[in-house]
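# Just to be clear, the model below is a prediction. Sequence and coordinates:
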Amino acid sequence: MTAAPPVRRARLLLGGVLALTTALVGPVAMASPAAADPVRTAPSGPLAAAFDTAAARYDVPRDLLVALGYAETRLDMHAGAPSAAGGYGLMHLVHNPGLRTLDEAAALTRLAPTTLRTDPAANVLGAAAVLRAYADRAGLTAAGRDDLGRWYGAVARYGGASDPSAARLYADTVYDLLGSGLTTERGVAVTGRAVAPQRGALERAPRPGDVGTLSADYGPAAWAPASTSNYTVASRPTSHPVDRIVIHVTQGSYAGSISWFQNPAAKVSAHYTFRSSDGAVTQSVREKDIAWHAGNWTYNTRSIGIEHEGYVDNAAWFTDAMYRASAALTRTLTARYGIPRDRAHIIGHVEVPGATHTDPGPNWNWTYYLQLVNGITGIGSGTVNTESANLNVRSGPGTGHPVVGTVADGATVSIYCQAAGTTVTGPYGTSNVWNRIGTSRWVADAYVSTGHDGYIPGVPRC
């Protein structure tokens, strides 16, 4: 569902960000950040400083701001390009017919919309201002603002969902991150802690794993129907043959995309949407009906559209859990409609004739996905053997890729797929086989005892 061609990912050029923020909006108020946040040392980087500044100015819990931004974008500015729903920046300030958090932020901070869209510190400040305004309207006092659980309503409102189940899905995603904690490569972290969200009327809405009632078409899916303004009622495959599956990337969050499909002004929808973290799936349009996902009426009539949470320029969203859950659905669909399990019939949005979108983009691993669709779904296991030192973990299958971590000698690793890369000599010989042990995490097979010489039978190539 890419809203625009991909652009180079923004670099967070935040040097002097505190001076910029002060110059733009005046002196920072001396109110303490909400007491619900744990004591921490000085900010570990300019983006962390931006969150601390915004939290102090508007008396919004700093970790709540971080968790919300991470749920929306993984704290990525995406070079100022909008999401599919018209959201900007790492905090996803939105300007669309149903939601105007960008406009609200501009009015509250007196910053220009252009600045709010493109400057990370201003974007965080704008989100803090909007959340504080929502808290004030809900009657949250200074003492109440110290209780993380009482911000739940403001978070749900920030997400903009009109449907209670989608609103709860959005807010619970943020609160789950507060509970689990998170660490990012951008120098921002949240320490996990017990939080008791005060959901109010949303307590009666379905839980995030449920969203709504269960799908009538696909058992594992929840059901959260799109607005009837965003799809065409039909009786497929009687009215139109179904012979394609189109793979999309949401250019936005899971909860936000489901909510966007429910907005009558969106004029877009997909049949299914998958969540990055765990492969959860929600159906928004019945398979018999025509979702508006491909930008080409003929392809809309003949295909099932499957969205995947994330952004095309960030491979971290494409987790093994999401790949495997999506492939299981595609395998079911191909059997149901007699669709060949090949790249001529399982295509990306970019391959639709006349497409202006680029998803799923270069980070989508078609080799891995098609193997999963075709039933090669094994997960291997191995023991690291370096004969003392830790083993480097790299972002890709080869020594030319950056080191992104290490694995201890003797550690057991899961192997989701294997690929050819740089030839390496280790305790198990000389080999060009590399093992993917997580999202963008690779180790040389020459240092891993798997019980097999090279490729492991039943484990996908990638």
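Structure's in. What do you need?

# Need the per-residue pLDDT for the residue lying closest to residue 406 once chain neighbours are set aside.
Distances taken as CB to CB, 6 or more residues apart in numbering place residue 390 nearest to residue 406, at 3.9 Å, with adjacent residues excluded. Using the backbone N, CA and C atoms, a C-beta is placed for each residue, glycine as well. Listed pLDDT for residue 390 reads 95.

# got any ranges where the stretch 51-200 of the chain has weak pLDDT?
Counting by pLDDT under 70, the stretch 51-200 of the chain contains no low-confidence range.

# In it, what residue spans correspond to helices?
For the stretch 51-200 of the chain, applying DSSP state H, counting those that start in this stretch gives helices covering 62-73, 101-109, 113-118, 120-137, 152-159, 164-180.

# mind checking which of those is nearest residue 432?
Shortest distance between residue 432 and the helices of the stretch 51-200 of the chain, using CB to CB, is found for helix 62-73: 35.8 Å.

# The closest one to helix 152-159, inter-axis angle?
Angle, helix 62-73 to helix 152-159, by axes from the mean of the first three to the mean of the last three CA atoms, to 10 degrees: 30 degrees.

# which strands and helices sit next to helix 62-73?
Here helix 62-73 touches helix 46-58, helix 120-137, helix 152-159, helix 164-180, strand 182-183, strand 189-190, going by 3 or more CB pairs under 8 Å, 6 or more residues apart in numbering; DSSP states H and E.

# who does the last one touch, helix- and strand-wise?
Secondary-structure packing of strand 189-190 (3+ CB pairs under 8 Å, 6+ apart): helix 62-73, strand 182-183.

# please redo it, this time with the cut-off set to 6 Å
Helices and strands touching strand 189-190, by 3 or more CB pairs under 6 Å, 6 or more residues apart in numbering; DSSP states H and E, are helix 62-73.

# what's the spacing between the residue lying closest to residue 432 once chain neighbours are set aside and residue 409?
Using CB to CB, 6+ apart and skipping residues adjacent in sequence, the residue nearest residue 432 is residue 423, 4.4 Å away. Distance from residue 423 to residue 409, counting by CB to CB, to the nearest Å: 22 Å.

# got it, and residue 112?
Counting by CB to CB - residue 112 and residue 409 are separated by 54 Å.

# could you point out where the stretch 301-450 of the chain is predicted with low confidence?
Nowhere does the stretch 301-450 of the chain drop to pLDDT under 70.

# what's the burial count for the residue nearest to residue 432?
By the criterion of other CB atoms under 10 Å, residue 423 has 13 neighbours.

# Correct me if wrong, but it is in a strand.
Yes: counting by DSSP: H, G, I helix; E, B strand; the rest coil, residue 423 is part of a strand.

# my guess is it contacts residue 429, does it?
No: judged on CB atoms under 6 Å, residue 423 makes no contact with residue 429 at a distance of 10.5 Å.

# Could you point out which of the helices and strands packed on helix 62-73 sits nearest residue 298?
Taking CB to CB as the criterion, helix 164-180 is the member of the helices and strands packed on helix 62-73 that comes nearest to residue 298, at 30.5 Å.

# now that closest one, how far from the centre of its chain.
When distances are taken as CA atoms, centre = their mean, to the nearest Å, helix 164-180 is centred 13 Å away from the chain's centroid.

# contacts for it?
Contacts to helix 164-180, defined as CB atoms under 6 Å, 6 or more residues apart in numbering, come from residues 67-68, 70-71, 152, 155-156, 159, 161, 192, 195, 197, 202, 205-206, 208, 211-212, 224, 255, 258-259.

# tell me which residues in it are buried?
Neighbour counts using 16 or more other CB atoms under 10 Å place 164-178 of helix 164-180 among the buried residues.

# now, among those residues, which is nearest to residue 231?
Nearest to residue 231 among these, with distances taken as CB to CB, is residue 166, at 16.5 Å.

# For that closest one, which non-adjacent residue is spatially closest?
Residue nearest to residue 166 in three dimensions, not counting chain neighbours: residue 259, with 4.5 Å by CB to CB, 6+ apart.

# Would you agree the one you found is in contact with residue 158?
No: checked against CB under 6 Å, the pair residue 259 and residue 158 is beyond contact range at 11.4 Å.

# residues near residue 401, how many?
The tally of other residues near residue 401 (other CB under 10 Å) stands at 17.

# so who does it touch?
Shown in contact with residue 401 (CB under 6 Å, 6+ apart): 394-395.

# So residue 437 is in contact with residue 413, correct?
Yes: assessed by CB under 6 Å, residue 437 is found in contact with residue 413 at 4.5 Å.

# pLDDT on stretch 281-296, on average?
pLDDT averaged over stretch 281-296 gives 97.

# ok, residues contacting it?
The contact list for stretch 281-296 (CB under 6 Å, 6+ apart) reads 211, 215, 217, 220-224, 226, 230-236, 246, 258, 261, 268-274, 300-301, 305, 352-355.

# Buried ones among those residues?
Here, 16+ other CB under 10 Å leaves 211, 215, 217, 221-224, 226, 230-231, 234, 236, 246, 258, 261, 268-274, 300-301, 305, 352, 355 buried among the contacts of stretch 281-296.

# Those residues in helices, which ones?
Within the buried ones among the contacts of stretch 281-296, residues falling in helices by DSSP state H are 258, 261, 300-301.

# Mind putting those residues into TSV with distance to residue 367?
TSV is the format used below for these (distance: CB to CB, whole Å):
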residue	distance to residue 367
258	29
261	30
300	27
301	29
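
# which one of the residues you listed sits closest to residue 96?
Among these, and counting by CB to CB, the member closest to residue 96 is residue 261, at 12.7 Å.

# Quick check: the closest one vs residue 161, distance?
11 Å.

# Kindly report the same for residue 168.
Taking CB to CB, one finds residue 168 at 8 Å from residue 161.

# likewise residue 99?
9 Å.

# next one: residue 283
Per CB to CB, residue 283 is found 17 Å from residue 161.

# Residue 237 now?
Residue 237 is 32 Å from residue 161, by CB to CB.

# More neighbours: which of those two?
Comparing residue 237 with residue 161 by neighbour count (other CB under 10 Å), the higher total belongs to residue 161, at 25 against 15.

# So what are the sheet partners of the helix or strand that contains residue 405 and their directions?
According to DSSP states H and E, residue 405 maps onto strand 403-407. Taking DSSP bridges as the criterion, strand 403-407 sits next to strand 391-394 (antiparallel) in its sheet.

# got a list of contacts for the partner strand?
Strand 391-394 is contacted by residues 384, 401, 403-407, 441-443, 447 when judged by CB under 6 Å, 6+ apart.

# if we go to 10 Å?
With CB atoms under 10 Å, 6 or more residues apart in numbering as the test, strand 391-394 has contacts from 384-386, 399-409, 411, 413, 421-422, 426, 434, 437-438, 440-444, 447-448.

# count of neighbours near residue 216?
Close neighbours of residue 216, defined as other CB under 10 Å, add up to 12.
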